[in-house]
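A.B. asks: can't give you the sequence, but here's the structure:
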């Protein structure tokens, strides 16, 4: 009888020991779903964006590029077919164009994949004359409207981008093989083009018909190749010096050794009235 109790006691100790060891060895492991989510999470620091804005004869082209430098694809989700919301504001902060208001998009959930180590570019154009948008200075902004990436919600991590835009009337003068293109207004003017001359020194001045606004100055030539002088410079005239009524004119000219003007081109910068 005593032996039976000893045997039962030994068995109970053995069983309890086995149970303790089994409990110790069981460790929680991450689920397959958790592992997939971890491998699928994009590093937003490796997402870079860029905005380019150009204007030609009133046609404004806006290009937005997004690069994914991560090791995995970036799958973006959008609430509609719109990817970028482009907005253009004038110098008073007034919206003159906005994609989400001026264009129509299919209202269905959209998914866009940007593969790893690659980029995508979206482009939109606005014709200022067709939209009755006047000359002036503007600011273009681009907002990437995705709501999630790889099923993770976005909360403004991809910031909107902005670029300035200058839209002004062009004045082009073609004379004696020279071509001078003027843009700008109200005292700030951009001068581009070519001026044909063999002279080492060419001059310019600016007047309004009554007063000299810029006295005789050596013409800045960006590149000279033979007789071709490439021009690319700006003029700044204080607003208080501008006339209330009259034409501000740029005069490009050459002089001989006797200081006499031998050749000149007159380019109207702006008409004030």
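C.D. replies: Perfect, I can see it now. None of the values given here were measured: they were computed from a predicted structure. Residues are numbered from 1 along each chain as shown.

A.B. asks: Could you use CA atoms for every contact and neighbour count after this?
C.D. replies: Will do.

A.B. asks: Find the residue at the geometric middle of the chain.
C.D. replies: With distances taken as Cα atoms, centre = their mean, residue 51 lies nearest the centre of the chain, 2.4 Å away.

A.B. asks: So what sits opposite that residue in the bridge?
C.D. replies: residue 64 (DSSP bridges).

A.B. asks: That one contacts residue 161, doesn't it?
C.D. replies: Yes - if you go by Cα atoms under 8 Å, residue 51 and residue 161 touch, sitting 6.5 Å apart.

A.B. asks: shared neighbours of those two, which are they?
C.D. replies: Common contact partners of residue 51 and residue 161 (Cα atoms under 8 Å, 6 or more residues apart in numbering): residue 142.

A.B. asks: about what we covered before: distance check, the residue nearest to the centre of the chain against residue 227.
C.D. replies: Going from residue 51 to residue 227 by Cα to Cα, to the nearest Å gives 38 Å.

A.B. asks: Would you check that residue 214 makes contact with residue 203?
C.D. replies: No - the criterion here is Cα under 8 Å, and residue 214 misses it with residue 203 at 11.4 Å.

A.B. asks: ok, the residue lying closest to residue 204 once chain neighbours are set aside - contacts?
C.D. replies: Once flanking residues are discounted, residue 204 sits nearest to residue 252: 4.4 Å by Cα to Cα, 6 or more residues apart in numbering. Each residue near residue 252 by Cα under 8 Å, 6+ apart is listed here: 202-205, 219, 264-266.

A.B. asks: Pairing partners for the helix or strand harbouring residue 252, with directions?
C.D. replies: Residue 252 belongs to strand 246-255 when elements are defined using DSSP states H and E. Strand 246-255 pairs in its sheet with strand 203-207 (antiparallel), strand 261-272 (antiparallel), by DSSP bridges.
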